[in-house]
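Quick one: sequence plus predicted model below, questions after.
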Amino acid sequence: MENANRFRRQTVQVEEAQRRIEQHLRQLGVEEVSLEAACGRTLAEEVTAPEPMPHFRRSGMDGFAIMASATKGASPESPVLLEVIEHVPCGLVPTKAVSPNTATRIMTGAMVPEQADAVIMLEMTDNVEKQGKTFVSIKKEMPSGKNLTPIGHELAKGECVLQKGSEIRAGETALLATFGFSRVNVYKRPTVAIFATGSELLPVDAPLCQGKIRNSNSYMLAALVREAGGIPLLMGAVPDEADKAQAVILDAFSTADFVITSGGVSVGDYDILVDLFQNWEGELLFNKVAMRPGSPTTAGVWKDAFLFALSGNPGACFVGFELFVRPAILGMQGRKNKYRPECTAFLGEAFAKVNAYPRYVRGKSYVQDGKLFVKPVGMDQSSVTVSIKDSDCLIKIPPGGKGVQQGELVFALLLRE
Ligand SMILES: Nc1nc2c(c(=O)[nH]1)N[C@H]1C(S)=C(S)[C@@H](COP(=O)(O)OP(=O)(O)OC[C@H]3O[C@@H](n4cnc5c(N)ncnc54)[C@H](O)[C@@H]3O)O[C@H]1N2
Ligand code: MOO
Ligand SMILES: [Mg+2]
């Protein structure tokens, strides 16, 4: 069949393509995991503080807990002497309240005794032994509240600690541990079946031969899926034979929440994904996007699962994943912020190529004189693999004109935090 006549493509903008995907996003179920396993996962419930934090009045220094008023008038010439009535290390509860004449020796993190409203650092005091008793000599007035963390200083009881849909990272993990959550409710991770298409593709461990290349896209995609919290299933490469390929690709819908393919989406004689989308029972979301690279990127939904047909060109495959697949994988895990943050930055090096579509150029960000700059990392053709590893952002070059000059402001999507 003549490929050029076999389908029609209607170009949509990137934002419209993302909106169409969002309309079909469902949330996966919830599962309980151990706190250690929760890192990188998405919280499936709001967490409120079951108790205030801290839950007891805590010393911020190694020193002496005192009544601040007892130090009134204290100076090197006329120090105040307070009798030391107790030693309180961390973890113990003081048994005696302090008075205007007494102090409690206390360590950082220990519970401050009743009546005390300040802690004076060890280094600011002297020990005095008198008539078999120990006194602390204080040469400075202390303000009330000094070196003492009040109950609820960080969080009040019942206060929202973590919002549903937030990513659990180190800081979130510390709070969950603080409040005794050894198990956490998180959204399930979607499974993502990854196919490569192309009779030129060799397994990674095969020796090279003329005209063939190793299947690098599948492994790149598996790494990206994992980073987005999905469970990648490497399904290998299918040859450019439409019937065979369709059968195995569609079969994956019985097990996967996402099916991703790379290659075979353009107008070539063997671009078999085009045939699949023409004949299938699912809904086509879009089959051409106003962007470079990756304009032939195609997506559809069938049986509640997504099929993303990414371009075979590695650069376009990468960009297509970042713009469409990653947000969908995060969205299915209930993640609040599923899109890469977009910022404005100065372009460090001119990009003179004229574009018919917005171009997402692999770039590197850096700070110079306190300003954020981005610059293309080098070879940016869709077929280039080597520059993917160097990029930490995608620079948005608007269509038309003569490209963008050095020093002009551009938008960039930040790929790393
Ligand atoms: N006449 C036209 N030709 C092309 C057009 C067009 O509009 N008219 N579009 C170009 C654009 S833009 C892109 S992008 C590519 C899209 O190609 P496909 O998605 O159909 O991918 P393939 O044809 O299968 O392969 C392209 C290229 O990528 C290599 N490839 C494929 N799979 C892998 C893999 N798993 N690992 C590594 N490399 C892979 C493949 O060998 C080819 O070199 O089409 C342009 N052509
Ligand atoms: O649209 Mo293609 O992905 O530019 O090279
Ligand atoms: Mg092709």
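Here it is on my side, so go on. Ligands and ions are numbered 1, 2, ... in the order given.

For the rest of this, base every contact and every neighbour count on C-alpha atoms.
Fine.

any idea how far ligand 3 is from Lys288?
Distance of Lys288 to ligand 3, given as CA to the ion, to the nearest Å: 14 Å.

That residue touches Val12, doesn't it?
Yes - shown here, Lys288 and Val12 form a contact pair, counting by CA atoms under 8 Å, at 6.4 Å.

residues from the protein in reach of ligand 1?
196-198, 215-218, 262-267, 271, 293-295, 311-314, 316 (CA under 6 Å from any ligand atom).

Just the buried ones among those residues, please.
Neighbour counting over the residues of the chain next to ligand 1 (16 or more other CA atoms under 10 Å) leaves 196-198, 215, 217-218, 262-267, 271, 293-295, 311-314, 316 as the buried ones.

and those residues near ligand 3, which?
Applying CA under 5 Å from the ion to those, one finds that 264, 266 fall near ligand 3.

which ones among the buried ones among the residues of the chain next to ligand 1 are found in strands?
When those are checked against strands (DSSP state E), the matches are 196-197, 262.

Between the two ends of stretch 388-408, how far is it?
Stretch 388-408 has an end-to-end distance of 24 Å (CA to CA, to the nearest Å).

Contacts for that stretch, please.
Here stretch 388-408 makes contact (CA atoms under 8 Å, 6 or more residues apart in numbering) with 315, 318, 346-365, 374-377, 410-416.

swap the cut-off to 7 Å and go again
Stretch 388-408 has contacts (CA atoms under 7 Å, 6 or more residues apart in numbering) with 315, 346-365, 377, 410-416.

Give me the buried subset of these.
315, 346-349, 351, 354-355, 357-365, 377, 410-415.

one step back: of Lys288 and Val12, who's got more company?
Using other CA atoms under 10 Å, the more surrounded residue of Lys288 and Val12 is Lys288, with 22 against 17.

Next, work out how far apart that one and ligand 1 are.
Distance from Lys288 to ligand 1, counting by CA to the nearest ligand atom, to the nearest Å: 10 Å.

For that residue, give me its contacts.
9-12, 295-298 are the contacts of Lys288 under CA under 7 Å, 6+ apart.

any chance of the residues you listed in JSON lines, plus secondary structure?
Shown next, in JSON lines, are these (DSSP: H, G, I helix; E, B strand; the rest coil):
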{"residue": "Arg9", "secondary structure": "coil"}
{"residue": "Gln10", "secondary structure": "coil"}
{"residue": "Thr11", "secondary structure": "coil"}
{"residue": "Val12", "secondary structure": "strand"}
{"residue": "Ser295", "secondary structure": "coil"}
{"residue": "Pro296", "secondary structure": "coil"}
{"residue": "Thr297", "secondary structure": "coil"}
{"residue": "Thr298", "secondary structure": "strand"}
